[in-house]
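Visitor: Have a look; sequence and predicted model below, questions after that.
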Amino acid sequence: NFSTIETQQRNRMSFLFSFELSHAGKRIVLKATESEIVVIPIKRSFAKAAYLKLSEVFAVNKLFYKKKFCVDVSAVFINKEKGTEKIIQFQCDNEEQCDLLVDQMQHIIARVPLNEPIPRRKVLILVNPYGGTKKAPKIFKKIVKPMFDKAGVPYVHKETEYAGHARDVSIQSNSVKQTANTLHTHHILLVTPDCTQP
């Protein structure tokens, strides 16, 4: 599911980190820029490398699978206006390597310098159960909630109660500090199955 590219083009780029590990049973070098993850095969028999846009990545998690420490990179690929979740797994040489890789990738995805802590920002998720096809609660339960849970992003889930409720909450949360502090949220996400305006 990686896009294929020429290795020579990537050699001129500035990389934020570089790890030697395994992917799909083959030894690779995993590198990252500010916008993508680059996988470069170590064996010369492979002429091409592959990359994954960081804008498609929503979670990076460590796990112990088949007696090996691994890192799962969860991404959503948009194809014909439909998102498909893919998990790309890398096998680490040891637990410390996994911990370092997860930490560095999470910093890059959050766009936070490696020497600073990643802020834990809570999201207010407003679900519009009345808009359009009325499938927003199902979209939240089957798509949005699992993504937030996997990414470890804290959130508050609320359903809108009337037409214009989402707009009222967003205006209050953006302009009145008291409302934002009461909800303890930093961002707002509206889940609606159509182009209904908040």
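Guide: Looks like it arrived, so ask away.
Visitor: Where does pLDDT dip in this structure?
Guide: For the chain, residues meeting the criterion pLDDT under 70 lie at 1-13, 44-47, 78-83, 166-167, 169-186, 193-198.
Visitor: show me the biggest helix of it in terms of residues.
Guide: helix 95-110 (DSSP state H).
Visitor: Mind checking what helix or strand follows it in sequence?
Guide: strand 123-127 (DSSP states H and E).
Visitor: Distance check, the closest residue to Asp93 other than its chain neighbours against Ala151.
Guide: In this structure, Asp93 finds its nearest non-sequential neighbour in Leu21, 6.3 Å apart by Cβ to Cβ, 6 or more residues apart in numbering. In this view, the C-beta of every residue, glycine as well, is placed from N, C-alpha and C. Distance, Leu21 to Ala151, by Cβ to Cβ, to the nearest Å: 22 Å.
Visitor: what's the answer for Leu54, then?
Guide: 13 Å.
Visitor: Report the buried residues of the helix or strand harbouring Gln89.
Guide: Assigned by DSSP H and E, Gln89 belongs to strand 82-91. Neighbour counts over strand 82-91 (16 or more other Cβ atoms under 10 Å) mark 88, 90-91 as buried.
Visitor: just stretch 96-110 next, same as before
Guide: Of the residues in stretch 96-110, those buried (16+ other Cβ under 10 Å) are 97-98, 101-102, 104-109.
Visitor: Just list the residues touching the residue most central in space within the chain, thanks.
Guide: Centroid-nearest residue in the chain, with Cα atoms, centre = their mean: Phe58, separated by 0.8 Å. With contact set as Cβ atoms under 8 Å, 6 or more residues apart in numbering, Phe58 has these partners: 74-76, 109, 147, 150-151.
Visitor: Switch those residues over to a markdown table; also include distance to Gly164 and secondary structure.
Guide: Output for the contacts of Phe58, formatted as a markdown table (distance: Cβ to Cβ, whole Å; DSSP: H, G, I helix; E, B strand; the rest coil):
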| residue | distance to Gly164 | secondary structure |
| --- | --- | --- |
| Ser74 | 35 | strand |
| Ala75 | 35 | strand |
| Val76 | 30 | strand |
| Ile109 | 34 | helix |
| Met147 | 27 | helix |
| Lys150 | 32 | helix |
| Ala151 | 30 | helix |
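Visitor: top of the residues you listed by neighbour count?
Guide: Neighbour counts for the contacts of Phe58 (other Cβ atoms under 10 Å) peak at Ala75, which has 22 neighbours.
Visitor: so how many other residues sit close to the closest residue to Ile28 other than its chain neighbours?
Guide: Spatial nearest neighbour of Ile28, excluding adjacent residues (Cβ to Cβ, 6+ apart): Val39 at 5.2 Å. Neighbour count for Val39, taken as other Cβ under 10 Å: 22.
Visitor: do the same with the one 10 residues further on
Guide: Neighbourhood size, Ala49 [other Cβ under 10 Å]: 22.
Visitor: What residues are bridge-paired with it?
Guide: Beta-bridge pairing for Ala49 (DSSP bridges): Ile5.
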